[in-house]
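Q: Let's see this in three dimensions:
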Amino acid sequence: LLAPKDQPFYHLLAENEESSYTAYVSQQNLVADHSAEPVDHPAISVLFDDFIKGRYCLRREHYH
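A: As a prediction, the model looks like this:
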């Protein structure tokens, strides 16, 4: 399906059995991860400080 151009798109950190990568995904193609497990991606430490109660804490320099 083609994504409508007026919906949000997101850069996300993705991983599979073989690798980690960054993807640009339309909102309609997002799938929730309900595992509450940390993500094993090389960019995590660049973007986030801590993983507390199943959530990442964004580094202050990335706040808008």
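Q: R55: neighbouring residues, count only.
A: Other residues lying near R55 total 10 when counted by other CB atoms under 10 Å. Backbone N, C-alpha and C define where each C-beta goes, glycine included.
Q: Relative to E37, how far out is it?
A: According to CB to CB, to the nearest Å, R55 stands 12 Å off from E37.
Q: okay, and the common contacts of these two?
A: When contacts are counted by CB atoms under 8 Å, 6 or more residues apart in numbering, the set common to R55 and E37 is empty.
Q: then stretch 7-27 to PDB, C-alphas only?
A: Extracted C-alpha coordinates of stretch 7-27, given in PDB (Å, rounded to 0.1, in the frame of the first residue of the first chain):
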ATOM      1  CA  GLN A   7       0.400  11.200   7.500                       C
ATOM      2  CA  PRO A   8       3.400  11.400   9.800                       C
ATOM      3  CA  PHE A   9       6.600   9.600   8.900                       C
ATOM      4  CA  TYR A  10       9.200   8.600  11.500                       C
ATOM      5  CA  HIS A  11      12.900   7.700  11.600                       C
ATOM      6  CA  LEU A  12      13.200   4.700  13.800                       C
ATOM      7  CA  LEU A  13      15.800   2.400  15.100                       C
ATOM      8  CA  ALA A  14      15.100  -1.100  13.900                       C
ATOM      9  CA  GLU A  15      16.700  -4.500  14.300                       C
ATOM     10  CA  ASN A  16      16.200  -8.000  13.100                       C
ATOM     11  CA  GLU A  17      18.000 -11.300  13.700                       C
ATOM     12  CA  GLU A  18      21.000 -10.300  11.400                       C
ATOM     13  CA  SER A  19      21.500  -6.500  11.900                       C
ATOM     14  CA  SER A  20      20.500  -3.100  13.200                       C
ATOM     15  CA  TYR A  21      19.500  -0.300  11.000                       C
ATOM     16  CA  THR A  22      17.600   3.100  10.800                       C
ATOM     17  CA  ALA A  23      14.400   3.200   8.800                       C
ATOM     18  CA  TYR A  24      12.000   5.900   7.700                       C
ATOM     19  CA  VAL A  25       8.500   4.600   8.100                       C
ATOM     20  CA  SER A  26       5.000   5.900   7.600                       C
ATOM     21  CA  GLN A  27       2.600   5.900  10.600                       C
END
